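Colleague: After the sequence you'll find the predicted model.
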Amino acid sequence: MERRDGSAHIPDETTLPGQEDSIPALVGFVSAHAWEGGFTDERTREIGCAVEEILHYIVHFACGSGSGEITIQCGFHDTGAIIIDIYDTGVSFNMLVAGVFPEASDFVGPGESISLTKIKKTIKNIEYRRDGKKNRNILTCIIPK
């Protein structure tokens, strides 16, 4: 993607270790795409906050052992919606159902909880799938302007 001002190209994908200190760079990557895609400053901040929360859950629950990588790909639909694909190579973890089913106790320990309220206010369309062949989690977020 070329920047609004015509300067340097922003890559469509980035990969970093599945660790807390990678989160600011990953959020910055998504925010740059949202802003360059024509989202307002306020909407770009909202998207950044939602992605940051998603990444915290991924790092804590899927990549909790410090191993694994997180890859983010950003693209745009013809309608202008941003499509964010977040891949991680951590353990199988579907944050969309964590806390809903009894199996969630495998991930959420005593005193821990997962709340998607803030995420769902910003991201109306969010889907999870597990790619067993590549052994990774995939979270797809589609956010309209």
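Modeller: Thanks, I have it.

Colleague: what sits up against the least confident helix or strand in the chain by mean pLDDT?
Modeller: Ranked by mean pLDDT, DSSP states H and E, the weakest helix or strand in the chain is helix 117-122, scoring a mean of 82. Helix 117-122 is contacted from outside by 46-47, 49-50, 53-54, 126, 143, using CB atoms under 8 Å, 6 or more residues apart in numbering. C-beta: built from backbone N, CA, C; applies to glycine.

Colleague: quick check: longest helix of the protein.
Modeller: Identified as the longest helix of the chain according to DSSP state H is helix 41-57.

Colleague: That one: how far from the chain's middle?
Modeller: Relative to its parent chain, helix 41-57 has a centroid offset of 8 Å by CA atoms, centre = their mean, to the nearest Å.

Colleague: repeat for stretch 131-141
Modeller: Mean C-alpha position of stretch 131-141 versus that of the full chain (CA atoms, centre = their mean) differs by 12 Å.

Colleague: Would you mind measuring the gap between the ends of it?
Modeller: 16 Å (CA to CA, to the nearest Å).

Colleague: per-residue pLDDT, residue 10?
Modeller: Looking at residue 10, its pLDDT is 78.

Colleague: where does the spatially closest residue to residue 52 that is not a sequence neighbour land in three-state SS?
Modeller: Leaving aside its sequence neighbours, residue 52 sits nearest to residue 27 (CB to CB, 6 or more residues apart in numbering; 4.8 Å). Following DSSP: H, G, I helix; E, B strand; the rest coil, residue 27 is assigned to helix.

Colleague: Residue 27: how many residues sit nearby?
Modeller: Residue 27 has 20 neighbours, counted by other CB atoms under 10 Å.

Colleague: No more questions from me, cheers.
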